[in-house]
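Undergrad: let's see this in three dimensions:
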Amino acid sequence: MDVERTGPKKRRKITAQGAHPIDLHVGRRIFLARRAKRMSQLVLADRLGITFQQIQKYEKGKNRVNASVLYGIMRALDVSAAYFFDGFATEETPAPERDIARPEDTKAVQPIIARPQNVNLLQNYLGAPIAVRKAVRSLLSCIAKEET
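TA: Here you go, the predicted model:
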């Protein structure tokens, strides 16, 4: 059977770091959701029937998350599928907020999200409309400038 192609097959581009931007983004979102639930990599891995090393690879974007694993992560972390792609910019739809943490920033974030009150604050912030988030950031920026 001869299938007519509509154009050349597009290949996935690999960045210098070796991971595709969407893999990095989904990995960061897994990390944030897991930490917000105060769940260890080991507990999440046990719920999915995989090793915690695999969770580490997903969170760092080194391995792609297939659909069945992503579905299991959604259920284990009680988040929607859209959660993993929120904030990811495409050519058609730019990200509402471009300041997404890099993998090396996660070590700086760990002490912050270790406190339940900080996690609660972050969940409330992320649940707010974008306009409210911008206003909160502006307010905090003004307060910080007055303090220095």
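Undergrad: report the central residue of the chain.
TA: Residue closest to the average C-alpha location in the chain (CA atoms, centre = their mean): residue 29, at 1.7 Å.
Undergrad: the residue nearest to it when sequence neighbours are not counted: neighbouring residues, count only.
TA: Take residue 29 and drop its neighbours on the chain: the residue closest to it by CB to CB, 6 or more residues apart in numbering is residue 84, 4.7 Å away. Quick note: C-beta positions are derived from backbone N, CA and C, even for glycine. Residues lying near residue 84 (other CB atoms under 10 Å) number 22.
Undergrad: contact partners for residue 84?
TA: Residues counted as contacts of residue 84 (CB atoms under 8 Å, 6 or more residues apart in numbering) are 25, 26, 29, 30, 70, 74.
Undergrad: for it, phi and psi?
TA: In terms of degrees, to the nearest 10, the main-chain angles of residue 84 are phi -70, psi -20.
Undergrad: equivalent analysis for residue 63, please.
TA: With angles defined as degrees, to the nearest 10, residue 63 sits at phi -120, psi 140.
Undergrad: show me where the chain has helices.
TA: Taking DSSP state H as the test, the helices found in the chain are 21-36, 41-48, 52-60, 67-77, 106-113, 116-127, 130-147.
Undergrad: what about the first one, average pLDDT?
TA: When you say that, I think you mean helix 21-36. Helix 21-36 shows an average pLDDT of 90 in the prediction.
Undergrad: tell me how many other residues crowd the residue nearest to residue 24 when sequence neighbours are not counted.
TA: Sequence neighbours aside, residue 61 is the residue nearest to residue 24 in space, at 3.7 Å (criterion: CB to CB, 6+ apart). By other CB under 10 Å, the residues close to residue 61 number 24.
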